[in-house]
Structures are given as structure tokens and as C-alpha cells.
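Student: fold the following, please.
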Amino acid sequence: MNPMLQTDFKLSSVELSDAQGIGRHVEMPAMQNGPLYRTMFPQFNTITEAQTEQITRWYIEMIEDAFQAREERFLKACSADGTPVGFCGWTVIEQNYDRQQAGEPKRREKARKASWLPDTLDVEGWVALSKDLKAERCRVLKDLDRICRLTFMAVHPKYQRQGIGSMMMQSICEETDQQGRCAYVLAAPEGVSLYSKFGFETVGRVETTHGAIISMFRPSQRP
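Tutor: From the prediction side, this is the model:
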């Protein structure tokens, strides 16, 4: 076990220039065993180094787009030498959820159509799973407002179980509670215990051939 303690890591806001390090050193290593990645890239066991690099560049560009769109908020966790080891993102839905849903997907769909796609991406599988995840999210949140929706939560495998995920969740939950918001996340199986620790409850699941993605909700806990 790595002897580092949570105090060896620092949380801070992100800059556009952070996308490269976060995509390459946090997001890609953290997600490769999860059901979302394996559904999107079903040939994950035989992907070459060049193909992995192409996927990494695609993720980096998507993270850059997210940083520039300013529709979400982000935090990074860095080690003592400044290397990014953790990353989280969330968006706050303050207006009526149905009105938000009516306009937001059009902007994101346009951005996706303008982007290139990795050769190994199973587009049909990705689109089908995205629709299932959206349907589950809408099912849970359709009658709610003032929602904190977690969109990213990743820690490099080498640095997991060292309190980084808890540090990021603590920051998000403190802000969420101060504003009297509920919270929602679609969690990979390995993230369920972390979210449960912070008061999230399982309210549904979306099955894939590589495991379930868990729908989790945290009621408003205004202090």
C-alpha cells in the first residue's frame, strides 16, 4: 500500500491546459475496466497502442470541449509534484428539469457531430447505451429541481483508496448541502461504495454486457 496520506494531495480548479494531463493520466487509466468504456470499445482486449493513443486524444478533446463550454464545474486533485491523479465534474440544474432537457441535448449533439470518432468506437453500442442512461436519468429526475448531477469522477488506479475520491466528494457535497440541492450520479460498480459513504442511495440500474451502471440519488441535506 502506498504510504501517502490524503494530505499529500491538493484540490484545485482546472484550467484548459489541464485537459491533456487529466485525460491521459487520470480519465483513461481510471475508466478502462468500467462497463461504459468496454461497451464503447468492445475490442478492449486487443486494442493496439496506436489505437489507445487515438482514444486518449479523443477523450482529451472532449474534456477540452467541456472546459470551454462552461456548463459544468470541475476540480482536479494533484500529488505533491503537481501531477494530476484525480478529477471530478458536476453540473447544477437550477431551472425546471424538463425545460433544461429540451434545449441542452441539441447543443451537445451538434458538438458531437462536429467531432471525429476513434476507429475502434462501437458507435451503435455507444448511442444505445447513452439513450438508456438518459432514460434512467430522466426517470429519476423528471419531477425534481435544484439538482447537482455528477458527470465525472475518476482517480488514477495507482492512487485509489488513498482518500482522493472522498476528498473530492466532500467538497461537492458541502457545496450541494449549503445550497439545499439533491444530487445524482450514474456510477460504475467500483464507485458505489464511495457514493454510498456520502449518502447516495441506489435507485436503479442500467445493464450492459460488461456489468451494470448504477443509478444513485442523494436527497437534499441542507444543514
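Student: would you list every one of the strands in the protein?
Tutor: Along the chain, the segments classed as strands by DSSP state E run 10-13, 73-78, 84-93, 147-155, 182-187, 201-208, 211-218.
Student: so which of those strands is nearest residue 64?
Tutor: strand 73-78 (11.7 Å; Cβ to Cβ). C-beta here means a position set from N, CA and C on the backbone, and glycine is covered the same way.
Student: what inclination does the closest one have with respect to strand 84-93?
Tutor: Orientation check (axes from the mean of the first three to the mean of the last three Cα atoms, to 10 degrees): strand 73-78 against strand 84-93 gives 170 degrees.
Student: including mean pLDDT, could the strands of the chain go into CSV?
Tutor: Shown next, in CSV, are the strands of the chain (pLDDT from 0 to 100):
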stretch, mean pLDDT
strand 10-13, 96
strand 73-78, 97
strand 84-93, 96
strand 147-155, 97
strand 182-187, 98
strand 201-208, 98
strand 211-218, 98
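Student: closest one to residue 27 among the ones you listed?
Tutor: The nearest among the strands of the chain, by Cβ to Cβ, is strand 147-155 at 5.2 Å.
Student: can I get the closest one in CSV, CA atoms only?
Tutor: The C-alpha trace of strand 147-155 is given here as CSV (Å, rounded to 0.1, in the frame of the first residue of the first chain):
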residue,chain,number,x,y,z
ILE,A,147,-30.1,19.1,-8.8
CYS,A,148,-26.3,18.6,-8.6
ARG,A,149,-25.6,16.0,-11.3
LEU,A,150,-22.1,14.4,-11.1
THR,A,151,-20.6,14.0,-14.6
PHE,A,152,-17.0,12.9,-13.9
MET,A,153,-15.4,11.1,-11.0
ALA,A,154,-12.0,9.5,-11.7
VAL,A,155,-8.9,8.6,-9.7
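Student: quick one: contacts for the residue positioned nearest the centre of the chain?
Tutor: Closest to where the C-alpha atoms of the chain average out (Cα atoms, centre = their mean) is residue 152, at 1.9 Å. Applying Cβ atoms under 8 Å, 6 or more residues apart in numbering to residue 152 gives the contacts 27, 72, 74, 87-90.
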